[in-house]
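Peer 1: Okay, predicted coordinates and the sequence, questions at the end:
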Amino acid sequence: MNVDKILNIFEAFHFSVSISPVELHLPIIFHKKYDFMQLLINGENFLLIKERRTGSLENFVKQAKGIQKQTGLEVILVFNKLSDIQKKQLLQIAVPYLDYHENIYLPYLGFLFSKLENKVDVDKKLTSTEQKVLISLLLSPSTVEINIEEISYLTDLSIPSLYRVFKNFKDRGWLTNKNKSYHFAKTKTQIFNEAKKLLKNPIHNTVLISEDDFQRITQNLDLKLSNTKALSSISMLADNDEYGTYALSKKQFKKIEESFQQHIFQGHKIEIWDYEPIQFNYLKEEYSRDESQDGSTLIDPISLYLILKDDEDPRIEEEVEKLESKIFTLLGEKYAS
């Protein structure tokens, strides 16, 4: 069993672990067939088991479950390399595993990473999580090395989840990793240019709420101004509508939707987004961690661009073109690596 490889895999996903020899009172046949090591992760002990000579997967699983009963330790099966079919079989029966090619399934931790055997489809649209992470990366002050703790805070994603996204971005040629840290492989303007066709309007749905409901929910939520209202705040566009348009994530909206008045014909618009609106301070021209700061009451400029880029109103088209130029200037002059 290659302990160094296993440690490197866990370290790549920012898991703090230790591996040590373990003394087991098992029939001698098991010691001849398998290698055993004890894994300590998050204060819990697990038993790593690896076949010395590869045999039937079904038999390996069966005997590992028997060893688990005898030792009282949850087992994790270790392999040199798993095929997609083998990974699927193990997932279907919820058997924890890892291989030396960074395929890993730990149901106790709710963690799964499956390395694609084929290259990522570079023309495939980004998921909502990938889109949020990419926008956060582009608007972050990082110039060369990415501050993963900062991005984790900003996106509210765990570090292991971010590494899964970063690996996809590496396959797209946007990031590179050196010494277990990630760096930009291209300038941010180049990445944005390539990603534009893969990014989508974040709005899932729009609802109308009354002034009373608006005043009530803003006591507990910091809503971000969106759409033409946001654009008019940073451009010459005139918007005289007395009601605003604000952004909320689907997760945020689910917590409050049942309390709204029904059959409203005029009021504030609430955009329900596929991801949580990203903090951005327009005064400092950088993403913001402090919602109380002036200039951070609007949605970020990239999401704003995605919402309005297909609007056919000539006045809006003109200002969106200017917004796109501002984004390129922001990314290129201030943040390009």
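Peer 2: Here it is on my side, so go on. Being a predicted model, the structure only gives us computed values, none of them experimental.
Peer 1: helix or strand right after the helix or strand where Ser18 lies?
Peer 2: Remark: Ser18 resides in strand 17-20, with elements defined by DSSP states H and E. Elements were assigned by DSSP H and E; along the chain past strand 17-20, the next helix or strand is helix 28-33.
Peer 1: Can you tell me the strand partners of the very next helix or strand once past that following helix and which way each runs?
Peer 2: The first helix or strand that comes after helix 28-33 along the chain, using DSSP H and E, is strand 34-41. Strand 34-41 has the following strand partners under DSSP bridges: strand 17-20 (antiparallel), strand 44-51 (antiparallel).
Peer 1: Show the average pLDDT along strand 34-41.
Peer 2: Taken as a whole, strand 34-41 carries a mean pLDDT of 91.
Peer 1: Need the CA coordinates for it. PDB is fine.
Peer 2: Once non-C-alpha atoms are left out, strand 34-41 reads as follows in PDB (Å, rounded to 0.1, in the frame of the first residue of the first chain):
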ATOM      1  CA  TYR A  34      -4.400  -7.900   2.000                       C
ATOM      2  CA  ASP A  35      -2.400  -4.900   3.300                       C
ATOM      3  CA  PHE A  36      -3.900  -3.000   6.200                       C
ATOM      4  CA  MET A  37      -3.300   0.500   7.600                       C
ATOM      5  CA  GLN A  38      -5.200   2.700  10.000                       C
ATOM      6  CA  LEU A  39      -6.500   6.100   8.800                       C
ATOM      7  CA  LEU A  40      -7.300   8.900  11.200                       C
ATOM      8  CA  ILE A  41      -9.500  11.600   9.800                       C
END
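Peer 1: So which bits of that strand are buried?
Peer 2: Taking 16 or more other C-beta atoms under 10 Å as the basis for neighbour counts, the residues of strand 34-41 that come out buried are 34, 36-39, 41. The C-beta positions use only the backbone N, C-alpha and C, and glycine is treated the same way.
Peer 1: follow-up on the earlier one: which of the strands paired with strand 34-41 sits most buried?
Peer 2: Taking mean count of other C-beta atoms under 10 Å as the contact definition, the stretch among those with the greatest mean neighbour count is strand 44-51, which reaches a mean of 19.
Peer 1: What lies in contact with it?
Peer 2: Where contact means C-beta atoms under 8 Å, 6 or more residues apart in numbering, the residues beyond strand 44-51 that reach it are 1, 6, 19, 22, 24, 33-40, 60, 64, 67-68, 71, 73-79, 96, 108.
Peer 1: Now the buried members of those.
Peer 2: Neighbour counting with 16+ other C-beta under 10 Å marks 1, 6, 19, 33-34, 36-39, 60, 64, 67, 71, 73, 75-79, 96 as buried within the contacts of strand 44-51.
Peer 1: ok, which stretches of this structure are helices?
Peer 2: 3-12, 28-33, 57-71, 84-92, 128-139, 148-155, 159-171, 188-195, 211-217, 227-233, 250-254, 301-308, 314-329 (DSSP state H).
Peer 1: so can I have a markdown table of the ones you listed showing distance to Ile272?
Peer 2: A markdown table is the format used below for those (distance: least, C-beta to C-beta, whole Å):
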| stretch | distance to Ile272 |
| --- | --- |
| helix 3-12 | 35 |
| helix 28-33 | 55 |
| helix 57-71 | 43 |
| helix 84-92 | 32 |
| helix 128-139 | 12 |
| helix 148-155 | 18 |
| helix 159-171 | 22 |
| helix 188-195 | 23 |
| helix 211-217 | 13 |
| helix 227-233 | 13 |
| helix 250-254 | 5 |
| helix 301-308 | 13 |
| helix 314-329 | 21 |
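Peer 1: Tyr275 is nearest to which of the ones you listed?
Peer 2: Minimum separation from Tyr275 across the helices of the chain (C-beta to C-beta) falls at helix 128-139, 4.0 Å.
Peer 1: quick check: mean pLDDT across the closest one?
Peer 2: Within the predicted structure, the mean pLDDT of helix 128-139 is 94.
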